[in-house]
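Colleague: Next comes the sequence, and after it the predicted model I'd like to discuss.
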Amino acid sequence: MSSGAVRTTRGATRDDVARLAGVSSAVVSYVVNNGPRPVAEATRQRVLDAIDKLGYRPNAAARSLIMGRSDLVGLVVPDVRNPYFAALAQAVEVEARAAGVNLVLAQGSTGHLAELVESLSGHLVAGIITAAVPEPAAVEVILRNKITMVRLSLVPPDIDATSVLPDFYEGGREAVRHLIEVHGHRRIALVAGSDTPDSHTVVDDRERAWRDVLAEEGLPRDAIIRVNWSSAGGRQAAERLVRDFPDCTAVFAMSDQQAIGLIAGLHGLGRSVPDDIAITSFDGSPEAEFTIPPLTTASVPMAAMAKAAVRQLLHPGGKGQVFKPELIVRTSCGC
């Protein structure tokens, strides 16, 4: 074999591609990485043909070490079983792929994120998008490893320049006002998250919206039922609603999952939705359309939020963004 012949008995290298295409190895790098310098179309095609002929595959691990990061983006959600977070993860994955990076999905709750963030950092991820609030230990890992992080769909006070979130307050106001202005309800309960007093240290903006709207109308604000963020929590709320607040004719639930369990629980107790109790909610998860009756909900613009989060992660330095939900009117409210 002559010294100029290409060896194909081992994995092809960038130099092999360069020799076959008649270009420098730097030009091969520009083609593979789509930059940073432009390559003439004819030259680019020669390189692509050589890559195809040799079966060349760039060494992603080596490239990660050289660049200091990989083409991976981490996404942390509190619960992948929750349809809201599942839909959010899907939206982020679509936007990440469009931006040329791959998504690593991880599940982790507040208080247990430090080890998870450390692991993602070890894989040289380009950054982390989190829908779970990082505890101080996790923040320390982020700062120490200089990881870019974007906080997605977290409620205040976890708001800073890296935050992308729905307007929980305005979405909540619209859902509550709809029950009052369109349907005339005067006794409206709140199904809130956090099932223990100690965990409820900050008033969620959805709760604040409920309180403010009722105060503006001179309506009572004592009918609050705190359960966990789940369908099971919503079913439990139904029992407490019927037992403790039998005069309530409507409910604003702070999440679709709670509302879904609430509807099922009320049906089981012989209460009709919306004839006996009208319901609005917040999230806009896909399942809300298929409850019986279909759920009226303040729908979060997930695609727009996902796009903003990926952009902020890959091009940091912008401002935090807040997106207004849209009230999707179905029949659980009485419409």
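Modeller: Good, I have the coordinates.

Colleague: mind listing what Arg211 touches?
Modeller: Counting by C-beta atoms under 8 Å, 6 or more residues apart in numbering, Arg211 touches 203, 221. Where C-beta positions appear, they are placed from N, C-alpha and C, glycine not excepted.

Colleague: Surely it is within a strand?
Modeller: No. The assignment for Arg211, made by DSSP: H, G, I helix; E, B strand; the rest coil, is helix rather than a strand.

Colleague: any idea how far it lies from Gly193?
Modeller: 15 Å (C-beta to C-beta, to the nearest Å).

Colleague: With Leu219 instead?
Modeller: 22 Å.

Colleague: of those two, who's got more company?
Modeller: Gly193 (21 against 15; other C-beta atoms under 10 Å).

Colleague: Against Phe282, how distant is the closest residue to the more buried one other than its chain neighbours?
Modeller: Closest residue in space to Gly193, ignoring its immediate chain neighbours: Trp229 at 4.8 Å, by C-beta to C-beta, 6 or more residues apart in numbering. Between Trp229 and Phe282 the computed distance is 11 Å (C-beta to C-beta).

Colleague: more crowded one of these two?
Modeller: Taking other C-beta under 10 Å, Trp229 and Phe282 do not tie; Phe282 has more neighbours (30 against 19).

Colleague: is it true that the more buried one lies in a strand?
Modeller: Yes. Counting by three-state DSSP, Phe282 is part of a strand.

Colleague: Going forward, the N-terminal residue is numbered 30.
Modeller: Noted, 30 is the first residue going forward, which turns the last one into Phe311.

Colleague: check contacts around it.
Modeller: With contact set as C-beta under 8 Å, 6+ apart, Phe311 has these partners: 197, 200-201, 204, 235, 281-285, 326-327, 329, 354.

Colleague: again with Leu270
Modeller: Contacts of Leu270 (C-beta under 8 Å, 6+ apart): 218, 220, 252, 254, 277, 280, 291, 295, 306.

Colleague: If we use 6 Å, what do you get?
Modeller: Contacts for Leu270 (C-beta atoms under 6 Å, 6 or more residues apart in numbering) come out as Ala218.

Colleague: Okay, it and Val179: tell me how far apart.
Modeller: Separation of Leu270 from Val179 (C-beta to C-beta) stands at 37 Å.

Colleague: cool, and Asp100?
Modeller: Counting by C-beta to C-beta, the gap from Asp100 to Val179 is 17 Å.

Colleague: for Phe311, same thing?
Modeller: 22 Å.

Colleague: Please apply the same query to Tyr198.
Modeller: As judged by C-beta to C-beta, Tyr198 and Val179 stand 21 Å apart.

Colleague: follow-up on the earlier one: more neighbours: which of Asp100 and Val179?
Modeller: Between Asp100 and Val179, counted using other C-beta under 10 Å, Val179 has the larger neighbour count: 26 against 17.

Colleague: After the worst-scoring helix or strand of the chain on mean pLDDT, which helix or strand is next?
Modeller: Within the chain, no helix or strand scores below helix 89-96, which has a mean of 45 by mean pLDDT, DSSP states H and E. Sequence order places strand 101-106 as the next helix or strand after helix 89-96, per DSSP states H and E.

Colleague: chain center to that following strand, what's the gap?
Modeller: 10 Å (C-alpha atoms, centre = their mean, to the nearest Å).

Colleague: Neighbouring strands - and their directions - for that strand?
Modeller: Applying DSSP bridges, strand 101-106 is found paired with strand 131-136 (parallel), strand 157-159 (parallel).

Colleague: and the residue lying closest to Leu298 once chain neighbours are set aside, how many neighbours does it have?
Modeller: Excluding its sequence neighbours, the residue lying closest to Leu298 (C-beta to C-beta, 6+ apart) is Val271, at 5.4 Å. Val271 has 17 neighbours, counted by other C-beta under 10 Å.

Colleague: again, but for Leu49
Modeller: Leu49 has 20 nearby residues by other C-beta under 10 Å.

Colleague: ok, longest helix in the chain?
Modeller: helix 112-127 (DSSP state H).

Colleague: returning to that earlier point: can you verify the residue nearest to Leu298 is assigned to a helix?
Modeller: Yes. Val271 sits within a helix when classified using three-state DSSP.

Colleague: So Arg250: helix, strand or coil?
Modeller: Under three-state DSSP, Arg250 comes out as coil.

Colleague: Need the three-state assignment for the residue nearest to it when sequence neighbours are not counted.
Modeller: Leaving aside its sequence neighbours, Arg250 sits nearest to Leu243 (C-beta to C-beta, 6+ apart; 4.9 Å). Classification of Leu243 by three-state DSSP places it in helix.

Colleague: State the mean pLDDT of the host helix or strand of Ile80.
Modeller: If you go by DSSP H and E, Ile80 is part of helix 70-83. In this model, helix 70-83 has an average pLDDT of 89.

Colleague: Quickly compare the strands paired with strand 101-106 and say which is most buried.
Modeller: When the strands paired with strand 101-106 are scored by mean count of other C-beta atoms under 10 Å, the highest mean neighbour count falls to strand 157-159 (a mean of 27).

Colleague: Right, I'll leave it there.
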